[in-house]
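Visitor: the amino acid sequence is not available; the structure is as follows:
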Ligand code: ADP
Ligand code: ZN
């Protein structure tokens with residue numbers, strides 16, 4: 001028999017997973033593997049859970065903690081995330097608390113007292129805190145429902161988020177073998193999975209693997225022209241007033257882009273390691289707590305940010321691998337609403353990344369692996385087929401459907417043309433000019449432009465001079481990038497982007513290799529996507545849900561901001577965007593109708609029900 005989810009319901013009939021999902025979280029159905037996992041852990045089983053960001057990992061341990069007797073202990077390395085999760089749980093009426101270094105001695109003592117008194121459903125603890133003799137002793141005396149190890153990949157010494165204090169967590173299975181353990185991560189690779197299982201003694205436990213697809217994210221990769229203008233247009237046309245993250249490679253660029261966006265009237269804040277820690281924290285807080293802030297950041301930003309309503313992630317520079325791209329874009333749309341992953345990329349990005357690898361102090365083996373990862377990402381950027389399929393395929397997940405319907409290539413399939421001759425012209429041009437020049441010069445030679453360099457090296461005397469007038473510069477650039485992505489040309493990082501032939505170039509030059517090139521430049525395809533978006537032909541369209549009733553929607557958001565400010569919690573902790581959308585769309589007239597909207601559980605109904613109904617009524621008045 002299960003314990004009652006919340007103390008004062010003891011007299012009611014025993015709680016089931018579904019009834020608690022509904023009464024506490026205001027949700028009506030489980031997603032994917034959630035139900036199986038919740039049942040398994042509620043029944044006392046151990047397990048490992050692999051689920052993408054936004055997949056719904058939290059419920060997998062929150063619900064069993066409520067269903068089982070005692071308090072669930074959640075280990076998390078991220079203090080900001082703990083704080084926000086606990087705030088959200090308290091809002092939903094759950095007895096939750098944190099134990100970490102931000103608490104005063106008195107506050108910590110009070111939490112300890114509540115744990116021993118059986119007054120807590122969930123306790124979030126930093127790993128180093130948990131491992132203190134004092135804390136372990138305390139846990140030994142309390143009723144513990146389960147241990148949840150969040151961000152479990154932090155035990156992996158090979159991963160990028162290794163945290164030494166996570167190693168000590170093996171003590172949990174030794175000291176408390178009877179308490180179920182659930183480890184969760186969004187890092188999918190085999191090596192990490194094995195390491196987690198070994199370190200946390202989960203080798204015999206089942207591993208639940210969810211699909212890593214994020215269907216609500218629309219993937220788009222555009223040809224980089226003037227990337228700042230492209231970004232401004234993208235935000236203005238598709239995500240005006242919405243929260244987003246823009247990633248750049250350098251601190252200087254972060255500063256430039258943030259101020260350029262601000263000047264254009266888009267509220268943007270910079271975030272990078274060179275900023276003063278307190279300023280950085282302030283910018284992060286504003287991004288989390290306020291509506292519609294764009295943060296411009298180096299990759300240092302994002303880990304441990306739980307903000308569910310990030311509507312877009314934009315890359316102005318190429319990340320270094322598909323793993324990084326997936327992780328960074330995954331910060332968009334955790335709430336499941338339509339979101340965009342948008343990237344502007346050009347040949348210079350490949351050259352820049354190559355140079356960073358070549359100049360790094362890593363071993364040759366490391367450099368080879370890095371180049372392989374970069375090539376895979378360039379392949380994704382240049383593919384003419386479904387990007388989602390390619391992305392998931394990279395992670396070993398097979399997708400049956402040819403087309404996802406929600407990436408740029410599926411929405412407006414690029415036209416392909418036979419590129420044999422074009423490829424031959426390009427490769428011979430690189431060859432004839434000595435494989436010492438970058439894209440700009442090769443294109444000048446191909447289109448027959450008399451530049452200083454052409455004169456200096458006498459390249460106007462070459463047979464390839466002016467043989468490519470059928471394409472313009474932009475088209476040549478696109479062709480060039482595709483040939484690099486196919487591996488028939490190589491951008492040399494050491495020689496400042498000089499384009500060199502590869503082992504496969506010969507077959508192309510001899511006309512033995514089939515070459516198909518995308519015809520339309522991505523920028524024109526984007527215009528097509530935007531036009532379709534405007535005409536409402538695309539589903540799901542990234543939109544802020546305001547369409548249902550813009551005035552009511554705005555009023556609800558303003559109300560939410562006020563409540564959040566007054567209570568000192570992020571806006572999404574009060575109500576998720578999807579809940580606001582639901583209210584604006586269905587205009588509930590009674591508490592019962594309001595309770596039927598996803599995200600409105602018993603406690604939220606009690607706290608905000610009347611106010612929300614009043615807002616709807618006010619909106620309904622003529
Ligand atoms: P993760 O920790 O895996 O990144 P979360 O647990 O934060 O993901 O959940 C992501 C979002 O999905 C949250 O906004 C959460 O409310 C929502 N969510 C999770 N499970 C469900 C469900 N069964 N039905 C509706 N929304 C859900
Ligand atoms: Zn697709």
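Guide: That came through, no problem. Quick caveat, the model's predicted, so the values are computed rather than measured. Residues are numbered from 1 along each chain as shown. Ligands and ions are numbered 1, 2, ... in the order given.

Visitor: near ligand 2, which residues of the protein?
Guide: 386, 388, 404, 407, 410 (CB under 5 Å from the ion). For the C-beta atoms, the positions are set from N, CA and C on the backbone; glycine is no exception.

Visitor: ok, for the third one, nearest residue in space, not its chain neighbours?
Guide: Nearest residue to residue 404 in three dimensions, chain neighbours excluded: residue 388, at 4.1 Å (CB to CB, 6 or more residues apart in numbering).

Visitor: now the helix or strand encompassing the one you found: buried residues?
Guide: Using DSSP states H and E, the element containing residue 388 is helix 387-394. The neighbour-count check on helix 387-394 (16 or more other CB atoms under 10 Å) flags 387-392, 394 as buried.

Visitor: same question for stretch 402-418.
Guide: For stretch 402-418, by 16+ other CB under 10 Å, it's 404, 406-412, 414.

Visitor: tabulate those residues in CSV, adding columns for distance to residue 233, pLDDT and secondary structure.
Guide: Formatted as CSV, those follow (distance: CB to CB, whole Å; pLDDT from 0 to 100; DSSP: H, G, I helix; E, B strand; the rest coil):
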residue, distance to residue 233, pLDDT, secondary structure
404, 24, 94, coil
406, 21, 96, coil
407, 19, 96, strand
408, 15, 95, helix
409, 20, 94, helix
410, 22, 95, helix
411, 17, 94, helix
412, 17, 90, coil
414, 20, 89, coil
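
Visitor: could you identify the most distant pair in the residues you listed?
Guide: Spanning the widest gap among the buried residues of stretch 402-418 are 406 and 414, at 16.1 Å by CB to CB.

Visitor: which elements pack onto the helix holding residue 388?
Guide: Secondary-structure packing of helix 387-394 (3 or more CB pairs under 8 Å, 6 or more residues apart in numbering; DSSP states H and E): strand 217-223, helix 322-329, helix 364-382, helix 408-411.

Visitor: how far does it sit from its chain's centre?
Guide: 15 Å (CA atoms, centre = their mean, to the nearest Å).

Visitor: okay, residue 557: pLDDT?
Guide: Reading off the confidence values, residue 557 has pLDDT 91.

Visitor: relative to residue 488, how far out is residue 512?
Guide: Here residue 512 is placed at a distance of 12 Å from residue 488 (CB to CB, to the nearest Å).

Visitor: those two: which is more packed in?
Guide: Neighbours were counted for residue 512 and for residue 488 using other CB atoms under 10 Å; residue 488 has more, 23 against 9.

Visitor: and the spatially closest residue to residue 96 that is not a sequence neighbour, what is it in contact with?
Guide: Distance criterion CB to CB, 6+ apart; nearest residue to residue 96, sequence neighbours excluded, is residue 89 at 3.8 Å. Residue 89 makes contacts with 62, 96, 121-122, as judged by CB atoms under 8 Å, 6 or more residues apart in numbering.

Visitor: domain parsing for the chain?
Guide: Following automatic domain parsing, one finds the domains of the chain at 14-209, 217-345+383-411, 416-520, 550-620.

Visitor: for those, which one sits closest to residue 357?
Guide: Of the domains of the chain, nearest to residue 357 by CB to CB is domain 416-520, at 6.3 Å.

Visitor: hmm, back to that, closest one of the buried residues of stretch 402-418 to residue 603?
Guide: Ranked by distance to residue 603 (CB to CB), those are led by residue 406 at 34.9 Å.

Visitor: how many neighbours does the nearest residue to the closest one once chain neighbours are set aside have?
Guide: The shortest distance from residue 406 to any non-neighbouring residue, by CB to CB, 6+ apart, is to residue 218 (5.0 Å). Each residue near residue 218 was counted by other CB under 10 Å, and the total is 30.
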